[in-house]
Each structure stands twice: as C-alpha cells, then as structure tokens.
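**Student:** Can you look at this prediction? I've put the sequence above it.
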Amino acid sequence: MRRMMIAGNWKLNKTIGEATAFADVLAKRLVSHDLRDVVIAPPYTALAAVSQSLSGTHIAVSAQDVFYETEGAFTGAISAAMIKDAGCTYTLVGHSERRLYFAETVETTVKRLVAAKAVGLIPIFCVGETLQERESGRMHDVLRSQLSALATLDFSANAVVVAYEPVWAIGTGVVASESQAQEAHAFVRGILAPMGLSETRILYGGSVKPSNAAGLLAQSDIDGLLVGGASLNITDFLKIIAAGQPGSYEDWFDLQFP
Ligand code: PEP
C-alpha cells in the first residue's frame, strides 16, 4: 500500500522567522492527524531551524537540492551529509528549475541521487517534459531518459520518491488534466517496474491548488502531490493535505490557532 504524500516546495521564499512560524502552525494543526505523509522543503537557510521546530512531529523536512561532492573547494555547494545534519529526511533532485537555471543534466542528477543515497537521504526525484517536448511527441522519450538516472542505483522502493512535474504546468496555473496526469504516471510506473520500483510513490506536481487536488489524488497511479506556490499559504496547504478525505477541511484540523 503506497501511503499518500503531500510535499511543499517553498523555492526562493521565506526567511528563517517566516519559515519557523509556518512550521509551528502546521505542526499544531496536524498534531492529532496522521492523514498523509507531509513534507516541507524550505530554503537552505531555514532547514535547521524548521527541522528543530518540527522535531517530535510526523512532518518531515526536505532540501530543495543537494550537491554531489562530499567536501572541498566547491563554493556555495551543500553536501548530502550537511543536509542530513540539518535534520532533513528528504531532498529534491532534478527539479525542472534546477535543470533550467542551474544546468542540471541526467548525468548530474545521477551523481546527486548517489550522494543522497549514500547518507540515507530520500530523494524526491523530479521528472517532466516541456510543452514543446509534449507537443512534438517526445514526452515518453524524455521521461525515459530522465528516469534512466535511477536505473543502476539499486534503490529500494521506499528509499526514493518520484515526482512527475510537467514543466508547462509548473508555476503557470495550467494544471495537467486528471487523465493527462494519470496517463503519465502509469507510464512512469511502467518504467520504474523493471527497476524493482513499482511500489515507489509517484507524486504529481504543477499548479496544484485546493480546487484540483482531490481529483488528482483520486487517480490510481498518483500517490501524492508536490506543491509549489500553494504550499506557501498555510490554509491552501492544509486544504491540499485534507483534499479528498471524507468530511471538510474544518473537520480535519484544529483551526483555533492563528
Ligand atoms: C514545483 O515547483 O514543484 C511546483 C509544482 O510549483 P507550482 O505548484 O507552483 O506549479
């Protein structure tokens, strides 16, 4: 049984104070609920403080990227061991913004996956096609190529999470339809299966909002959501965590906290 996961990617947002204030409220509201695995990915500067705020809760913390070397003259880089030391359980790898702005390639994502695995960090490995790749019929080849990074790494199914994030849906307000997302997820699962990863969780990401979360989560191969913009707002994020559960959002969370 694949347990649902809702992960929030905060990108380049929130100071340490803002991040810990959010984490404190999230922890209070989720305290009596263990509905789904909940993960937040603050910027590096806030990782240790947020991990501290969330210690003793079931909310986990993720980095947004990991460098592949362990130490040395790599100015600005952060290693997997440093991320672990800051209290993280997860790290994103291969987010499309890293591929676009920071020259991430299949080769460098492999190195990052290896580095994360070496210290027991669980990668949330992001894959997805651009609009041009989809419209020119290359979507399946692109996904196959990106996922090939996992082929020789011998992850166990629970030691990695995959996020299908169509680039055209990230931060654009254009969400993949439920059937587009399900079709892509089924394809991804078909690629993962021969690697022994058929039970690996596959999250959908790209313009997820409270209004579309339940429909996406109802798809048989969607095991959770990776949420960017909407994870910055506590009410929206809580609504997404509760999406599709019986009863209302108000029933699930203790809303007495500000
Ligand atoms: C993301 O950055 O992983 C993402 C899915 O962003 P958004 O939800 O804002 O589209």
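**Tutor:** Yep, that arrived. Numbering: from 1, shown residues only.

**Student:** ok and the residue in this structure nearest the ligand?
**Tutor:** The chain approaches the ligand most closely through residue 228 (2.1 Å), counting by Cβ to the nearest ligand atom. Bear in mind the C-beta positions are built from the backbone N, C-alpha and C, glycine included.

**Student:** so that residue sits right up against residue 172, yeah?
**Tutor:** No. Judged on Cβ atoms under 8 Å, residue 228 makes no contact with residue 172 at a distance of 10.5 Å.

**Student:** Near the ligand, which residues of the protein? Just list them.
**Tutor:** By Cβ under 6 Å from any ligand atom, the part of the chain that sits against the ligand consists of 9, 165, 170-171, 205-208, 226-230.

**Student:** Neighbour count for residue 228 and residue 172, which is higher?
**Tutor:** Ranked by neighbour count (other Cβ atoms under 10 Å), residue 228 and residue 172 place residue 228 first, with 22 against 12.

**Student:** if I pick that one, what's in contact with it?
**Tutor:** Applying Cβ atoms under 8 Å, 6 or more residues apart in numbering, we find residue 228 in contact with 8, 9, 11, 170, 171, 205, 208.

**Student:** at 10 Å what do you get?
**Tutor:** By Cβ atoms under 10 Å, 6 or more residues apart in numbering, the contact list for residue 228 reads 7-11, 13, 41, 95, 97, 165, 170-171, 205-208.

**Student:** per-residue confidence for it?
**Tutor:** pLDDT for residue 228: 97.

**Student:** do you know how far it is from residue 64?
**Tutor:** Plainly put, residue 228 is 11 Å away from residue 64 if you go by Cβ to Cβ, to the nearest Å.

**Student:** what's the overlap in contacts for these two?
**Tutor:** Contact with both residue 228 and residue 64 is made by residues 9, 10, 11, 41, 95, 97, according to Cβ under 10 Å, 6+ apart.

**Student:** In a markdown table: those, plus pLDDT.
**Tutor:** Output for the shared contacts of residue 228 and residue 64, formatted as a markdown table (pLDDT from 0 to 100):
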| residue | pLDDT |
| --- | --- |
| 9 | 98 |
| 10 | 98 |
| 11 | 98 |
| 41 | 98 |
| 95 | 97 |
| 97 | 96 |
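
**Student:** so of these, which ones are in helices?
**Tutor:** Counting by DSSP state H, the shared contacts of residue 228 and residue 64 place residue 97 in helices.

**Student:** any idea which of the shared contacts of residue 228 and residue 64 is closest to residue 183?
**Tutor:** Distances from residue 183 to the shared contacts of residue 228 and residue 64, taken as Cβ to Cβ, are shortest for residue 95 (22.0 Å).

**Student:** for this protein, what spans make up the strands?
**Tutor:** 5-9, 37-41, 59-63, 90-93, 122-127, 161-164, 202-205, 224-227 (DSSP state E).

**Student:** Take the ones you listed and write them to CSV, including mean neighbour count.
**Tutor:** Below are the strands of the chain laid out as CSV (neighbours: other Cβ atoms under 10 Å):
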stretch, mean neighbour count
strand 5-9, 25
strand 37-41, 25
strand 59-63, 24
strand 90-93, 26
strand 122-127, 26
strand 161-164, 27
strand 202-205, 27
strand 224-227, 27
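
**Student:** if I pick the spatially most central residue of the chain, what's in contact with it?
**Tutor:** Residue closest to the mean C-alpha point of the chain, counted by Cα atoms, centre = their mean, is residue 226 at 4.4 Å. Counting by Cβ under 10 Å, 6+ apart, residue 226 touches 5-9, 39, 41, 62, 92, 95, 124, 126, 161-165, 170, 203-206, 208.

**Student:** what about residue 28, distance to residue 51?
**Tutor:** Separation of residue 28 from residue 51 (Cβ to Cβ) stands at 17 Å.
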